[in-house]
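> Structure here, sequence nowhere to be found:
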């Protein structure tokens, strides 16, 4: 009887194992990219990037609905390769980085559509305005790194309107639509 009592928790442990299938990753800022393009005067594109990207994501292969992602971008890290333009982008005409220091995306639902394709719905907060956003994320890969850790990464492209987030400065010169290219690599925690 004592042996049965000692073994009784094993089935309970087996039930808990699927919950352990979720892997949490911290975004590696050295291997994350957020690049954007926006029309200038309707005749060409100006390209830029954000140099300060952080966040976490959870991938649960057994129960994909438990997966989630949160990404935080520092608006003051905007970089178009032109210091004067970057200062202007940080001021109240555009990002107002002092008042709104972060762009944040927090998922509400992740659904696997194919083995490496996910549909992610969440809230994007930019310039103090939060709006729903649904994007398609392609899982690029996962595996061991040279230092014995585990990594996973994905990418996505989407377009937003600046005016939807209260960024109405210079709409006659700088396009309303901004296309973002995001590549995230995470280190398993």
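Right, received. Where do you want to start? Given the structure is predicted, the values throughout are model-derived calculations rather than measurements. Numbering: from 1, shown residues only.
> In contact with residue 180, which residues?
Applying Cβ atoms under 8 Å, 6 or more residues apart in numbering, one finds that residue 180 lies in contact with 34, 35, 36, 157, 158, 159, 160. C-beta here means a position set from N, CA and C on the backbone, and glycine is covered the same way.
> can you rerun that using 7 Å?
Each residue near residue 180 by Cβ atoms under 7 Å, 6 or more residues apart in numbering is listed here: 34, 36, 157, 158.
> roughly how far apart are the third one and residue 183?
What it means is residue 157. Separation of residue 157 from residue 183 (Cβ to Cβ, to the nearest Å) stands at 10 Å.
> out of those two, which sits in the more crowded spot?
Per other Cβ atoms under 10 Å, whichever of residue 157 and residue 183 has more neighbours is residue 183, with 17 against 14.
> before we move on, which element is the more buried one in?
Residue 183 belongs to strand 174-188 when elements are defined using DSSP states H and E.
> related to what we said a few turns ago, and of the contacts of residue 180, the nearest to residue 92?
residue 36 (19.4 Å; Cβ to Cβ).
> and the closest one, what are its bridge partners?
Per DSSP bridges, residues listed as beta-bridge partners of residue 36: residue 48, residue 180.
> same check, this time on the one 4 residues further on
Residues found in beta-bridge contact with residue 40 (criterion: DSSP bridges) are residue 44, residue 174.
> Who are the contact partners of residue 93?
Contacts of residue 93 were listed using Cβ under 7 Å, 6+ apart, and they are 169, 170.
> Give me the pLDDT value at it.
Per-residue confidence for residue 93 comes out at a pLDDT of 93.
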